[in-house]
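Undergrad: predicted model follows, preceded by the sequence.
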2 protein chains.
Amino acid sequence: MSQSLQRGLALLNALADGARTLDQLAETVGVHKSTAMRLLRSLEGEGFVHRPDSHRYKLGSALFDLANRALDDVEVREVAREHLRELGNRTGHTVHLAVRERDQVVYVDKVDSTRPVRMYSRIGARAPLHCTAVGKILMAGVPEESRREFVAALDRPALTTHTLTDERTLLEEVRRAADENCALDRGEHEEFVHCLASGVRDTRGTIVAAVSLSAPKVLLDFDDLLGWRDEVIATCERISAELGWRSE
Amino acid sequence: MSQSLQRGLALLNALADGARTLDQLAETVGVHKSTAMRLLRSLEGEGFVHRPDSHRYKLGSALFDLANRALDDVEVREVAREHLRELGNRTGHTVHLAVRERDQVVYVDKVDSTRPVRMYSRIGARAPLHCTAVGKILMAGVPEESRREFVAALDRPALTTHTLTDERTLLEEVRRAADENCALDRGEHEEFVHCLASGVRDTRGTIVAAVSLSAPKVLLDFDDLLGWRDEVIATCERISAELGWRSE
DNA sequence: CCCTCCAATTGCATGTCTCGCAATGGATAT
DNA sequence: ATATCCATTGCGAGACATGCAATTGGAGGG
């Protein structure tokens, strides 16, 4: 719609992979050097891009700033934080807080595992809905009448050998997640990691976020993970309660 | 330089204060409604803006993503993290990692205090150089020959009654910070908070970051803070060492 | 059920602003 | 000194964004 804006954003994306030179950027974005430079000037002016030295461009701090203010806006995050920490302390495993954005999961908070084996993931990262425990929970938040077509419209690539790609199977999983307020990921997203998630509701009972517990299979076998089921659900209930939800 | 890009970025900044409606955005940015909408479309297309419902615009997750990837890029952050945690655990106070960007301090990492009294600050926040301990350290990283004019060119507003606004006095502080690899902030930034900072050097000996310990005066008086001086310096030395710096 | 109001959206004509080119400047390596 | 690499600037053509005004769509009230 807006060429220069799009190109500007493309430049930011290109910079996400690390510092680049002007020509490289111009090339990856597919515009003339001089054009890239003028766009970068605007970005630099607003602090979105930073030049440590005259021939390197990096992402600037305006982004940090914006992103963190945006995170503040996710009110559930505020409320959830201490509960997540507590769950993290009690279990010693990685805890995530995720919300849905269109057809993706967005991780908005995280408590690191205390174990030496850290998992790869970061606040702000996105993941597919169909192969994550939090995704299944968040899909359970989609009104029942539109859930079917929502799931059908989803891209469902097989990311591991365990990924559920079949529409019917997945829909069934989501229905169970809705029933039990608990969903699982049996290595469907990353081969050697499994997760257990539950949902957080706001005042009106809508599922607005999901909390998950993740661990590499080597650290925690499946039954042990299930052992934390009630803890995770209880954590979500506490958060929901604080958001003003009264069960029935 | 690039009108639409600048306007697009202005929209993002406007959204930083929370969700807005189209007209509001158009007004605050000073463009016609339809223009704002078309820009927002581009932003939305790239995930920089999110529409939870049809008449509200919020910042989108592409920002979280970019910001966190940008943070990864700050390599000193990776290296420093565990040292910061250790310092945080040992002291129980708030620990910050900051770098300089032009004439500002940017906080790139933080370990929260274990005390109930939390301090306000967030990763990505910016602060002035002249009235923060980390700022003084980072200015000590400016080559000596240009330091004088750098300090002179700085805006030096008095943020509290203790802020040093005088050019000579400040320059002297910076010189001492350079000498001792330790700087102080005696309530110069926030009236009731004081800090102690030291610098981190890379392979070439350049100061690339600063680590600080902060506490409200009510929790820790000035002498007690000074008691942690050697700990903070030692932490920085460990980080520097890991970055490849060999002291002479 | 219809009407009103508010906010989002679209078509269109205008001219502003951006684009790519090619040449210049400055720094570093050979 | 020469070559190379990268950033920067002036300029003319025209693509692209802009603002206007009219339309659509949806929520709420009578």
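TA: In hand now; what should we look at? Residues are numbered from 1 along each chain as shown, chains lettered A, B, ... in the order given.
Undergrad: so what's A:Glu191 up against?
TA: The contact partners of A:Glu191, by C-beta atoms under 8 Å, 6 or more residues apart in numbering or on different chains, come to A:Thr160, A:Thr161, A:His162. Heads up, the C-betas are built off the backbone N, CA and C, glycines and all.
Undergrad: repeat the analysis, applying 7 Å as the threshold.
TA: Residues in contact with A:Glu191 (C-beta atoms under 7 Å, 6 or more residues apart in numbering or on different chains) are A:Thr160.
Undergrad: and for A:Ala133?
TA: By C-beta under 7 Å, 6+ apart, A:Ala133 lies in contact with A:Ala183, A:Leu184, A:Asp185, A:Cys195, A:Leu196, A:Ala197, A:Ser212.
Undergrad: and the next helix or strand past the helix or strand in which A:Leu184 is found?
TA: Using DSSP states H and E, A:Leu184 sits within strand A:183-186. Under the assignment DSSP H and E, the closest C-terminal helix or strand after strand A:183-186 is strand A:193-201.
Undergrad: check what contacts stretch A:198-213 and list those residues.
TA: Residues outside stretch A:198-213 that contact it (C-beta under 7 Å, 6+ apart) are A:76, A:80, A:84, A:91, A:93, A:95-99, A:133-134, A:137-138, A:140-141, A:181-182, A:195-197, A:228, A:232-233, A:235-236, A:239-240, A:243-245.
Undergrad: which among the residues you listed end up buried?
TA: For the contacts of stretch A:198-213, a neighbour count by 16 or more other C-beta atoms under 10 Å in any protein chain shown gives the buried set as A:76, A:80, A:84, A:91, A:93, A:95-99, A:133-134, A:137-138, A:140-141, A:181-182, A:195-197, A:228, A:232-233, A:235-236, A:239-240, A:243, A:245.
Undergrad: tell me the SS of the residue located most distally from the centre of chain A?
TA: Most distant from the centre of chain A: A:Ser34, at 36.2 Å, with distances by C-alpha atoms, centre = their mean. Secondary structure, DSSP: H, G, I helix; E, B strand; the rest coil: A:Ser34 is helix.
Undergrad: separation between it and A:Arg41?
TA: 11 Å (C-beta to C-beta, to the nearest Å).
Undergrad: hmm, back to that, nearest to chain B, of the contacts of A:Ala133?
TA: Among these, A:Ser212 lies closest to chain B (C-beta to the nearest C-beta), at 17.1 Å.
Undergrad: I'd guess that closest one is in a strand, am I close?
TA: Yes: applying three-state DSSP, one finds A:Ser212 inside a strand.
Undergrad: measure it to DNA strand C for me?
TA: 33 Å (C-beta to the nearest atom of the strand, to the nearest Å).
Undergrad: neighbours of that residue, how many?
TA: Counted with other C-beta atoms under 10 Å in any protein chain shown, residues neighbouring A:Ser212 total 26.
Undergrad: and the one 4 residues further on, by the same measure?
TA: Neighbour count for A:Pro216, taken as other C-beta under 10 Å: 18.
Undergrad: so it sits against A:Cys195, correct?
TA: No: counting by C-beta atoms under 7 Å, A:Pro216 does not reach A:Cys195; the two are 10.7 Å apart.
Undergrad: which stretches in chain A count as strands?
TA: Using DSSP state E, the strands of chain A run over A:49-50, A:58-59, A:94-101, A:104-111, A:126-128, A:183-186, A:193-201, A:207-216.
Undergrad: want to throw those into JSON lines with distance to B:Leu12 and mean pLDDT?
TA: Shown next, in JSON lines, are the strands of chain A (distance: least, C-beta to C-beta, whole Å; pLDDT from 0 to 100):
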{"stretch": "strand A:49-50", "distance to B:Leu12": "13", "mean pLDDT": "90"}
{"stretch": "strand A:58-59", "distance to B:Leu12": "14", "mean pLDDT": "90"}
{"stretch": "strand A:94-101", "distance to B:Leu12": "16", "mean pLDDT": "92"}
{"stretch": "strand A:104-111", "distance to B:Leu12": "17", "mean pLDDT": "90"}
{"stretch": "strand A:126-128", "distance to B:Leu12": "19", "mean pLDDT": "92"}
{"stretch": "strand A:183-186", "distance to B:Leu12": "33", "mean pLDDT": "96"}
{"stretch": "strand A:193-201", "distance to B:Leu12": "27", "mean pLDDT": "94"}
{"stretch": "strand A:207-216", "distance to B:Leu12": "24", "mean pLDDT": "93"}
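Undergrad: want to throw these into a markdown table with distance to DNA strand D?
TA: As requested, those are exported to a markdown table (distance: least, C-beta to the nearest atom of the strand, whole Å):
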| stretch | distance to DNA strand D |
| --- | --- |
| strand A:49-50 | 11 |
| strand A:58-59 | 12 |
| strand A:94-101 | 20 |
| strand A:104-111 | 24 |
| strand A:126-128 | 26 |
| strand A:183-186 | 29 |
| strand A:193-201 | 21 |
| strand A:207-216 | 19 |
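Undergrad: the worst-scoring helix or strand of chain A on mean pLDDT vs strand B:94-101, what angle?
TA: Ranked by mean pLDDT, DSSP states H and E, the weakest helix or strand in chain A is helix A:61-73, scoring a mean of 81. Calculated by axes from the mean of the first three to the mean of the last three C-alpha atoms, to 10 degrees, helix A:61-73 forms an angle of 140 degrees with strand B:94-101.
Undergrad: so what touches helix A:61-73?
TA: By C-beta under 7 Å, 6+ apart, helix A:61-73 touches A:46-48, A:50, A:77, A:108, A:124, B:12, B:16, B:18, B:58-59, B:63-64, B:66-67, B:70-71, B:101, B:106, B:122-126.
Undergrad: out of those, which are buried?
TA: Buried members of the contacts of helix A:61-73, counted by 16+ other C-beta under 10 Å: A:46-48, A:50, A:77, A:108, A:124, B:12, B:16, B:58-59, B:63-64, B:66-67, B:70-71, B:101, B:106, B:123-126.
Undergrad: closest one to B:Ala153 among the strands of chain A?
TA: Nearest of these to B:Ala153, taken as C-beta to C-beta: strand A:49-50 at 18.5 Å.
Undergrad: helices or strands up against the closest one?
TA: Under the contact definition 3 or more C-beta pairs under 7 Å, 6 or more residues apart in numbering or on different chains; DSSP states H and E, strand A:49-50 sits against strand A:58-59.
Undergrad: contacting residues around the strand it packs on?
TA: Counting by C-beta under 7 Å, 6+ apart, A:Leu12, A:Leu15, A:Ala16, A:Ala19, A:Val49, A:His50, A:Pro52, B:Leu66, B:Ala70, B:Asp73 sit against strand A:58-59.
Undergrad: tell me how many other residues crowd the fifth one.
TA: In this case it means A:Val49. Neighbours around A:Val49, by other C-beta under 10 Å: 23.
Undergrad: list the beta-bridge partners for it.
TA: A:Leu59 (DSSP bridges).
Undergrad: in this structure it contacts A:Tyr57, no?
TA: Yes: contact status for A:Val49 versus A:Tyr57: in contact at 5.6 Å, counting by C-beta under 7 Å.
Undergrad: intersection of neighbour lists for those two?
TA: Between them, A:Val49 and A:Tyr57 share the contacting residues A:Leu15, A:Leu40, judged by C-beta under 7 Å, 6+ apart.
Undergrad: what's the single longest helix in chain A?
TA: Across chain A, the longest stretch assigned as helix under DSSP state H is helix A:75-91.
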